[in-house]
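quick one: sequence and predicted model below, then my questions.
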Amino acid sequence: MNTPDATFPFSLRSGHGLLRLQRTALGIGVPSLALAGLGGFFNPEQFFRSYLVAFLFWFGIALGSMAILMIHHIAGGAWGAVIRRLLESGTRTLPLLALLFLPLLLGMRELYEWARPEIVAHDEILQHKAPYLNVPFFALRAVIYFAAWLLLSGFLNRWSLEQDRAPSASVARRLENLSRGGLLLVGLTMTFAAIDWAMSLEPHWYSTIYSILIMGGQVLTAMAFVIPMAAWLAQDDGPLADIISPEQFHDLGKLLLAFVMLWTYFSLSQFLIIWSANLPEEIPWYLHRTQGGWQVIAIGLILFHFALPFLILLSRDIKRNARALAIVALGMMVVRFVELFWLITPAFEPSGFTAHWLDLVTLIGVGGLWLSFYVYQLKGRPVVPMHDPSLPLLIGPQEA
């Protein structure tokens, strides 16, 4: 259902630039993907490597949005009411992402050494892991993951529309109960998805905290994306101009800071566990990412993924200033891509740093399609959920 109901106040207005953003994103995304496809014709291995990083980045926003949305349904709060539609729109991009996942299935031989029988035949470890790491089971698991996420997204959005039509405490309870179980389901499925899609790039290595690190990064990326969108919709005569206040941006800034610290905790925990154990099957993963030029990115992540945003987001004035907070969040999005690039690419180039023009083109191409579809979903519903239990905190009990 993508037709906005005219009886709802606070509806998104096409004149606010959403239509222009949608067309621009699509106009950039399609040619970029076409160019990437051309590059893939001449260099398929590089194409699939770049495409994997791009896919994981934009996919992380969608799944991170679902996690934050369910946290709001459980915890409540005005901070979640003002961005709830932004988060819901992110979850409704999952059908597109399911389609965008198909090229990765086609490129499994180029990406995963365990998908090449000639390599498995001479590797005892890969033979031992073959009952799990094999092409049919990998594809089946991906179908199960997306089925679970699409089912959750469907119910979250369907019941949200039902809540819009009429106030109902039962709908709010349903959304809360679904979110309690949904967070567990997302955590379980994403744990295995992170192992399948990213960690198995280096199948001789393993980490029990790797999936948690990926999930923490997804939530951080989603929040870093939503904040600039909210700030844009709140400027001048935007649909959120009279709804969202400095108090809500302050809360969003605090959450962004919390997610930065959470990512840092997960990253430091993995490093300390591997460093203290000093096992030969574990330490090569960090050696590949701290030498040959990769160490520059590793140091940059310490500075720009933790230290600098931590110090900046301690400022109350910055967190209450929509424009300043949006700039910080956009910077975090850039750093998030760099961190994901640092996690994935050394699996293919362990001897030293490398970058390819397809890395940027595929990021823009997948992102253009995703952002266009995201805006299309965002335009289809009122920008504020009409009967969210937290809405009276925003506009007063009588208006809600």
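Yes, it's here.

list the buried residues for the helix or strand harbouring G300?
Using DSSP states H and E, G300 falls within helix 294-301. Applying a neighbour-count criterion of 16 or more other Cβ atoms under 10 Å, one finds W294, I297, L301 buried in helix 294-301. All C-beta spots, glycine's among them, are computed from the backbone N, C-alpha and C.

residues contacting the first one?
Residues counted as contacts of W294 (Cβ atoms under 8 Å, 6 or more residues apart in numbering) are H288, W342, P346, G352, F353.

ranking those residues by neighbours, who comes first?
Within the contacts of W294, most neighbours by other Cβ atoms under 10 Å means P346, with 25 neighbours.

would you confirm that that residue contacts Q291?
No: using Cβ atoms under 8 Å, P346 is not in contact with Q291, being 9.6 Å away.

so which residues of the stretch 251-400 of the chain form helices?
283-288, 294-301, 308-313, 316-320, 322-344, 357-379, 392-395 (DSSP state H, counting those that start in this stretch).

ranking those helices by burial, who's on top?
A comparison of those by mean neighbour count, using mean count of other Cβ atoms under 10 Å, puts helix 357-379 on top with a mean of 21.

including mean pLDDT and distance to A78, could the helices of the stretch 251-400 of the chain go into a markdown table?
Rendered in a markdown table, the data for these read as follows (pLDDT from 0 to 100; distance: least, Cβ to Cβ, whole Å):
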| stretch | mean pLDDT | distance to A78 |
| --- | --- | --- |
| helix 283-288 | 95 | 42 |
| helix 294-301 | 97 | 33 |
| helix 308-313 | 98 | 19 |
| helix 316-320 | 97 | 14 |
| helix 322-344 | 98 | 15 |
| helix 357-379 | 97 | 20 |
| helix 392-395 | 58 | 4 |
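
Serialize those to CSV and add fields for distance to L21.
Converted to CSV, the helices of the stretch 251-400 of the chain look like this (distance: least, Cβ to Cβ, whole Å):
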stretch, distance to L21
helix 283-288, 39
helix 294-301, 30
helix 308-313, 26
helix 316-320, 25
helix 322-344, 15
helix 357-379, 5
helix 392-395, 25
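
out of those helices, flag the one nearest R85.
For R85, the closest of the helices of the stretch 251-400 of the chain is helix 357-379, at 6.8 Å, according to Cβ to Cβ.

which one of the buried residues of helix 294-301 is nearest P239?
Comparing the buried residues of helix 294-301 against P239 with Cβ to Cβ places L301 closest, at 35.9 Å.

so the closest one makes contact with V338?
Yes: under the criterion of Cβ under 8 Å, L301 makes contact with V338 at 7.0 Å.

rewinding a little: nearest to L99, of the helices of the stretch 251-400 of the chain?
Among these, helix 357-379 comes nearest to L99, with 9.5 Å by Cβ to Cβ.

which helices and strands sit right next to the closest one?
Applying 3 or more Cβ pairs under 8 Å, 6 or more residues apart in numbering; DSSP states H and E, one finds that helix 357-379 contacts helix 18-42, helix 44-75, helix 78-91, helix 94-100.

ok, which of the ones you listed comes nearest F266?
Here helix 44-75 is closest among those (Cβ to Cβ), at 14.1 Å.

quick one, that closest one and helix 78-91 angle?
140 degrees (axes from the mean of the first three to the mean of the last three Cα atoms, to 10 degrees).

buried ones in helix 44-75?
By 16+ other Cβ under 10 Å, the buried positions in helix 44-75 come out as 46-74.

can you check stretch 157-171 too?
For stretch 157-171, the buried set under the neighbour-count rule, 16+ other Cβ under 10 Å, comprises N157, W159, S160, L161, Q163, D164, V171.

from what I see, the fourth one and P382 are in contact.
This points to L161. No: contact criterion Cβ under 8 Å: L161 and P382 do not qualify, at 9.7 Å.

checking the residue of the chain most remote from its centre next. Helix, strand or coil?
Within the chain, the residue lying farthest from the chain centre (Cα atoms, centre = their mean) is H122, at 36.8 Å. Recorded secondary structure, H122: coil (DSSP: H, G, I helix; E, B strand; the rest coil).

quick one: it and V296, what's the gap?
35 Å (Cβ to Cβ, to the nearest Å).

next one: F57
When F57 is compared with V296 (using Cβ to Cβ), they lie 20 Å apart.

F373 too?
F373 sits 35 Å away from V296, going by Cβ to Cβ.

so what's the residue nearest to F271 when sequence neighbours are not counted up against?
Closest residue to F271 apart from its sequence neighbours, by Cβ to Cβ, 6 or more residues apart in numbering: Y286 at 7.0 Å. When contacts are counted by Cβ under 8 Å, 6+ apart, Y286 touches F271, I274, W275.
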